[in-house]
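Participant: what's the 3D shape of this:
(2 chains)
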2 protein chains.
Amino acid sequence: MNRPHAPAAAPADRLLVRYRIETHAALIEARANALALEQSVEMPAEAITDTAIRATVPGRVERIAPLPSEPGGPGAFEVDISLAAATIGGDPGQLLNMLFGNCSLQTDVRLIDARLPASLLAALPGPAFGIDGLRAACGAGKRPLSCTALKPQGMAPAALAELAGRFARAGIDVIKDDHGIAQQTVAPFEARVPAVQRAIDEANRATGGRTIYAPNLAGGPGRLTAQLRVARDTGVGALLACPMVLGVPVFAELLRAQAGVPLIAHPALAGTAIAPPLLLGRLFRAFGADATIFPNHGGRFGYSRTSCEAIAAAAREPLGDLRPAMPVPAGGMRVDRVDEMLALFGLDTMLLIGGNLLEAGDDLEARAAAFATRVREAGDGGRIAS
Amino acid sequence: MNRPHAPAAAPADRLLVRYRIETHAALIEARANALALEQSVEMPAEAITDTAIRATVPGRVERIAPLPSEPGGPGAFEVDISLAAATIGGDPGQLLNMLFGNCSLQTDVRLIDARLPASLLAALPGPAFGIDGLRAACGAGKRPLSCTALKPQGMAPAALAELAGRFARAGIDVIKDDHGIAQQTVAPFEARVPAVQRAIDEANRATGGRTIYAPNLAGGPGRLTAQLRVARDTGVGALLACPMVLGVPVFAELLRAQAGVPLIAHPALAGTAIAPPLLLGRLFRAFGADATIFPNHGGRFGYSRTSCEAIAAAAREPLGDLRPAMPVPAGGMRVDRVDEMLALFGLDTMLLIGGNLLEAGDDLEARAAAFATRVREAGDGGRIAS
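Facilitator: Here you go, the predicted model:
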């Protein structure tokens, strides 16, 4: 991640937000000022008649610095803008709105980073369980965790349960629904969740293991509330949700408060215009994610290795009083990359491998067991630096 | 909008989705197939053991056609992919997830269009009031509507009320909160909404007018429910909300069901990777928006005139049994553009002008009245073709 290099210290009551703007050098100052107004008062500053408002509420350009630009391109600039914390009111949705609401519609600007003042961090929920809580849910010590996904969508509850049982017998720590499994007729939440949990319980009894299930929450508040009830009654060990699909206010307010188990965030619909370390790392964590899934480099997505390291850092680094969240590299990962991934991400990591286990066909259980064992032993055996 | 040119008719149980992919000609077939899997089963097709699932659930590439590409660029292709309607389950969030969830994280693909089968359209709520209902709320006949915004954020309820009173006396049809006015300490919903509504009621009594107020809903389901109660008790005439900030499932389930008055959708956080006619026009309407705000061409945003016309068309054209939604061009519009905008968008339009009225300073009421009158007379006088 492009980290802020300690620009002029932001006052305690303001956010310091970094954007990347593409434009010509002759235009950047006007463009930066326009962005500062767009993301705050949304009107010409000179038309604000209240002098107290004009002094504090509009966004303020704090710094403009040229960036390396593409040959033949117009030019690119790093622009730091401060925003009044009072305009957020502690609401995660309003935070995203202030950071990137209107300017998300403009093609020349990306959101790179945001430093949140202590007052705002204190108003955001953060993880209820964090890295240690997720480990505790799996009965794991200070070691990495293994995770896989039930798929494809379209499977009936009995088939999902059968697959979950095989993964659990193999010793996978966390079995999540594919995020494409929602409230579909073939396997509604209230049917599939108890079926899958039973299969996992049975496997755990047989193996003495502590595999947990993280079903995917989907729908509006009414449906989510019903699903949360089923999840509680069933005794699932974790829950999966897509904050950008459900809405971050729902994630932070409803799910964070009522889940009762660790929440795993999925990046669907997160887009490319907000830097992933900020959105998937820092913000999802601040909104209450105990673990955050992101596409690792070298898979089906174009994230760089540097960006992936920055996501993991943002999920775990000190951030107000908020617990650290577990980074979950994923997206086309393979069992033969486990050692390399653990070397990169360290012990405080959950590795998610889906399709590569399913591809093993009849050898699925063996490959899943190899995955789970390798991950477990990485922590026990101290093969990697933490 | 790049409209589908009647490709091979999609079966009734599938969505037909159009993407734009940037890649080299030698790679496009593999890339299109990978996208079809990414947006459905999210695993290699050959690893799906259930033959019934393999036959129907994975996305299917229906058509690939080259597009004009930029000189020196890799190449661009229009790719039509069909998705199984059964994977949606009638949930707006899951619809966005299937259309663009994972691939939103990839930089080479944009979502251009989507045809929804009748079964899915029937499961989506659509506008409760539509264009005629919004007009009725303002006591207007078949004419365009005028709309303005209370801003800047940071104003206290008394100041917001005073401003609203001036706009109402000028005869503006709809006065909305700026979408940056959320649940802030300086003007919480329960304080500002009754104050503003009282000022508008008073102005209406004085003028005999029918100005309505659309306060901005913000927060998670708990806060929204409380705000909806205040809105009902206060008797506001409409409500404003940002579907992408609140989450489209919340918009479609909670707000659509409980608003009781027309819902105006704001495009904040909608990004640039989904074609605006699809997202702001067709989908927001299908999710329950009675009116949809979008940045008009020639303002502060880069939307083309063609794209704006396509947004308006998508909001109004036949779509299952759903009512048409009111297009609301905005984003740096000026009173001197009213005639031109009405000529472009016709009678079934609400024009939103904010900053340009506030800039008038002491002449605010006069300029607002000129705006309101011009819009009202355009319908009455039949100066424009509908």
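Participant: near chain B, which residues of the stretch 1-150 of chain A show up?
Facilitator: A:34, A:38, A:40-44, A:46-50, A:53, A:56-58, A:84, A:86-89, A:91, A:93-94, A:96-98, A:100-102, A:104-108, A:149 (Cβ under 8 Å from any Cβ of the partner chain). In this view, the C-beta of every residue, glycine as well, is placed from N, C-alpha and C.
Participant: PyMOL command to pick out the buried ones of those?
Facilitator: To isolate the buried members of the residues of the stretch 1-150 of chain A next to chain B in PyMOL, using 16 or more other Cβ atoms under 10 Å in any protein chain shown:
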select buried, chain A and resi 34+38+40+41+42+43+47+48+53+57+58+84+86+87+88+89+91+93+94+96+97+98+100+101+102+104+105+106+108+149
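Participant: mind listing the strands for chain A?
Facilitator: Per DSSP state E, chain A carries strands over the ranges A:14-22, A:60-67, A:76-84, A:109-115, A:145-150, A:174-177, A:212-214, A:239-241, A:263-265, A:291-295, A:326-330, A:350-352.
Participant: could you give the mean pLDDT of the last one?
Facilitator: When pLDDT is averaged over strand A:350-352, the result is 98.
Participant: Equivalent analysis for the third one, please.
Facilitator: Taken as a whole, strand A:76-84 carries a mean pLDDT of 97.
Participant: these two touch, right, A:Arg135 and A:Leu145?
Facilitator: Yes. Contact criterion Cβ atoms under 8 Å: A:Arg135 and A:Leu145 qualify, at 6.8 Å.
Participant: ok, the two, which is more surrounded?
Facilitator: Using other Cβ atoms under 10 Å in any protein chain shown, the more surrounded residue of A:Arg135 and A:Leu145 is A:Leu145, with 27 against 23.
Participant: With adjacent residues omitted, what lies nearest to A:Glu202?
Facilitator: A:Gly165 (6.5 Å; Cβ to Cβ, 6 or more residues apart in numbering or on different chains).
Participant: Please list all residues in contact with the one you found.
Facilitator: Neighbour list for A:Gly165: A:Ala199, A:Ile200, A:Glu202, A:Ala203 [criterion: Cβ atoms under 8 Å, 6 or more residues apart in numbering or on different chains].
Participant: So which bits of the helix or strand of chain A with the lowest mean pLDDT are buried?
Facilitator: Least confident helix or strand, chain A: helix A:364-380 with a mean of 93, by mean pLDDT, DSSP states H and E. Residues A:364-365, A:367-372, A:374-376, A:378-379 are the ones in helix A:364-380 that count as buried (16+ other Cβ under 10 Å).
Participant: how about CSV for those, with distance to chain B added?
Facilitator: Putting these into CSV (distance: Cβ to the nearest Cβ, whole Å) gives the following:
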residue, distance to chain B
A:Leu364, 9
A:Glu365, 14
A:Arg367, 12
A:Ala368, 13
A:Ala369, 18
A:Ala370, 17
A:Phe371, 16
A:Ala372, 19
A:Arg374, 21
A:Val375, 21
A:Arg376, 24
A:Ala378, 25
A:Gly379, 28
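Participant: Touching the longest helix along chain A from outside, list them.
Facilitator: Longest helix in chain A by number of residues (criterion: DSSP state H): helix A:189-207. Contacting residues not belonging to helix A:189-207 are listed as A:150, A:157-158, A:160-162, A:164-165, A:168-169, A:171, A:175, A:177, A:181, A:183, A:209-213, A:215, A:217-218, A:226-227, A:230-231, A:234-236 [Cβ under 8 Å, 6+ apart].
Participant: one more time with 6 Å
Facilitator: By Cβ atoms under 6 Å, 6 or more residues apart in numbering or on different chains, the residues outside helix A:189-207 that reach it are A:157, A:160-161, A:164-165, A:168-169, A:211, A:213, A:215, A:227, A:230, A:234, A:236.
Participant: Could you double-check that A:Arg256 lies in contact with A:Pro125?
Facilitator: Yes. Applying Cβ atoms under 6 Å as the test, A:Arg256 and A:Pro125 come out as touching, 4.8 Å apart.
Participant: Looking at these two now, which is surrounded by more residues?
Facilitator: A:Arg256 (22 against 18).
Participant: who's in contact with that one?
Facilitator: Counting by Cβ under 6 Å, 6+ apart, A:Arg256 touches A:Pro125, A:Gly288.
Participant: quick one: it from A:Val174, how far?
Facilitator: 19 Å (Cβ to Cβ, to the nearest Å).
Participant: next one: A:Gly361
Facilitator: Taken as Cβ to Cβ, the span from A:Gly361 to A:Val174 is 23 Å.
Participant: the more surrounded of these two?
Facilitator: Ranked by neighbour count (other Cβ under 10 Å), A:Gly361 and A:Val174 place A:Val174 first, with 28 against 10.
Participant: pretty sure the more buried one contacts A:Ser146?
Facilitator: No. At 7.3 Å, A:Val174 does not count as touching A:Ser146 under the criterion of Cβ under 6 Å.
Participant: Show me the shaky parts of chain A.
Facilitator: For chain A, the stretches with pLDDT under 70 are A:1-11, A:380-386.
Participant: Kindly report the domain assignment for chain A.
Facilitator: If you go by automatic domain parsing, the domain ranges for chain A are A:14-123, A:130-380.
Participant: Nearest spatial neighbour of the most far-flung residue of chain A relative to its centre, chain-adjacent residues omitted?
Facilitator: Most distant from the centre of chain A: A:Thr49, at 41.0 Å, with distances by Cα atoms, centre = their mean. Once flanking residues are discounted, A:Thr49 sits nearest to B:Gly361: 7.6 Å by Cβ to Cβ, 6+ apart.
Participant: distance of the one you found from B:Ala122?
Facilitator: 51 Å.
Participant: go on, A:Gln39?
Facilitator: According to Cβ to Cβ, A:Gln39 stands 39 Å off from B:Ala122.
Participant: More neighbours: those two, which one.
Facilitator: Under the criterion of other Cβ under 10 Å, the comparison of A:Gln39 against B:Ala122 puts A:Gln39 first, with 25 against 13.
Participant: List the residues that contact A:Glu42.
Facilitator: Here A:Glu42 is in contact with B:Lys151, B:Asp178, B:Gly180 (Cβ under 6 Å, 6+ apart).
Participant: Please list which of the residues you listed also come close to chain A.
Facilitator: Applying Cβ under 6 Å from any Cβ of the partner chain to those, one finds that B:Lys151, B:Asp178, B:Gly180 fall near chain A.
Participant: ok, whatever residue of the stretch 251-386 of chain A ends up closest to chain B - contacts?
Facilitator: Residue nearest to chain B within the stretch 251-386 of chain A: A:Glu253 (2.7 Å; Cβ to the nearest Cβ). By Cβ under 6 Å, 6+ apart, A:Glu253 lies in contact with B:Gly220, B:Gly222.
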